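S.K.: model the following, please.
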Amino acid sequence: MDMNDFEGKKVLITGGSRGIGRAISLMAASRGANIALNFVKDEQAAAETAAEIEKLGRKCLVIKADVSEPKEIKTLFAAVKEGFGNIDMLVSNAVSGVIGPAERIGRFGWDRAINTNSRSFMLLVQQAVRIFPETGGKVVAISSIGSNHCLPGYAAIGASKAALETLVRYFAKELAPKNINVNAVSGGPVETSALDYFPDKDQIIEEWQERTPQKRIARPEEIASVVGFLLSEEASWIQGQTIIADGGLTL
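M.R.: Model (predicted):
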């Protein structure tokens, strides 16, 4: 694989400043892409990630927007269009929701998960196809094994990720004639601050490590590398798929 294969490409990454999103941003930049980095809260993390991207010699647009809000998605794309003109790739990575039993999910927690994790993906793709070049584009969504496996307290987020994977298939079928690839990466547990929201975090991580053949959980860079493959031309014949990258946990 040519590690400069993204040279001159422009990539929008939602939630691109921390955790998996940060790893994806740096992966794409290291392969030659200019980055539109979306974040919502942590300005320091966004600035630090942008600085690392620029050290690689790439341009970085830093755009604050809450993708759970349709109006802010329009604002996000207006900023991308002004700064880059168009984009070649979209990575939908931003995630939010509540952790807790299904029988206690409230309206706010449900809406937050659906709006941030699946409705936002639908709206992001709708906007992205308007500024993709005529030659086509690449879309990758970040999902979770919680879409079809029961994780502790993950009902709302898991349901939103199942909806996300369904949208991936529909968009893939509809956009294939435009030479746009749409796929997802379903990750298992990853070493990020997102694990802090799980109850009994240390015990759960220990159980996940024991069930995983390599006896550990993933590093963000390992998810980013799968995203990088799906964004590459080498994956041009992969369409509407959710690639599971969990180290064998779900086996």
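S.K.: what are the phi and psi values for the closest residue to Leu56 other than its chain neighbours?
M.R.: The shortest distance from Leu56 to any non-neighbouring residue, by C-beta to C-beta, 6 or more residues apart in numbering, is to Ala29 (4.7 Å). (C-beta placed from N, C-alpha, C; glycine too.) The phi and psi torsions at Ala29 (degrees, to the nearest 10) take the values phi -70, psi -40.
S.K.: buried ones in stretch 94-101?
M.R.: 94-100 (16 or more other C-beta atoms under 10 Å).
S.K.: got a list of contacts for it?
M.R.: 14-15, 21, 38, 40, 67-68, 105-106, 108-109, 112-113, 116-117, 120, 142, 152-157, 160, 194, 197-199 (C-beta atoms under 8 Å, 6 or more residues apart in numbering).
S.K.: let's see that with 7 Å instead.
M.R.: By C-beta atoms under 7 Å, 6 or more residues apart in numbering, the residues outside stretch 94-101 that reach it are 14-15, 38, 67-68, 109, 112-113, 116-117, 120, 153-154, 156-157, 160, 197-199.
S.K.: and what of stretch 44-55?
M.R.: Against stretch 44-55 from outside (C-beta under 7 Å, 6+ apart): 16-18, 22, 25-26, 29, 35, 37, 39, 60, 62.
S.K.: kindly export the least confident helix or strand in the chain by mean pLDDT (C-alpha atoms) in CSV.
M.R.: Here the helix or strand of the chain ranked lowest by mean pLDDT, DSSP states H and E is helix 201-211, holding a mean of 86. Output of helix 201-211 as CSV, limited to C-alpha atoms (Å, rounded to 0.1, in the frame of the first residue of the first chain):
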residue,chain,number,x,y,z
LYS,A,201,-15.0,-0.2,34.3
ASP,A,202,-12.0,-2.1,35.5
GLN,A,203,-13.9,-5.4,36.0
ILE,A,204,-15.5,-5.1,32.6
ILE,A,205,-12.2,-4.4,30.9
GLU,A,206,-10.7,-7.4,32.6
GLU,A,207,-13.5,-9.6,31.4
TRP,A,208,-13.1,-8.3,27.8
GLN,A,209,-9.4,-9.0,27.9
GLU,A,210,-10.0,-12.5,29.1
ARG,A,211,-12.5,-13.2,26.3
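S.K.: buried residues in it?
M.R.: Here helix 201-211 shows 204-205, 208 as buried, counting by 16+ other C-beta under 10 Å.
S.K.: skipping adjacent residues, who's closest to Gly240 in space?
M.R.: Per C-beta to C-beta, 6+ apart, closest to Gly240 is Ala172, 3.0 Å.
S.K.: can you say which helix or strand has Leu61 in it?
M.R.: Using DSSP states H and E, Leu61 maps to strand 60-64.
S.K.: helices and strands around that strand, which ones?
M.R.: strand 34-39, helix 43-55, helix 70-84 (3 or more C-beta pairs under 7 Å, 6 or more residues apart in numbering; DSSP states H and E).
S.K.: okay, angle between the shortest one and strand 60-64 too, please.
M.R.: Between strand 34-39 and strand 60-64, the angle formed by their directions is 20 degrees, by axes from the mean of the first three to the mean of the last three C-alpha atoms, to 10 degrees.
S.K.: and strand 34-39, which strands flank it?
M.R.: Note on strand 34-39: by DSSP bridges, its sheet partners are strand 10-13 (parallel), strand 60-64 (parallel).
S.K.: show the average pLDDT along the first one.
M.R.: Spelled out, that is strand 10-13. Averaging pLDDT along strand 10-13 gives 98.
S.K.: in stretch 65-79, what's buried?
M.R.: 65-69, 72-73, 76-77, 79.
S.K.: swap in stretch 46-61?
M.R.: For stretch 46-61, by 16+ other C-beta under 10 Å, it's 46, 49-50, 53, 58, 60-61.
S.K.: so Lys161, which state does it fall into?
M.R.: Per DSSP: H, G, I helix; E, B strand; the rest coil, the local secondary structure of Lys161 is helix.
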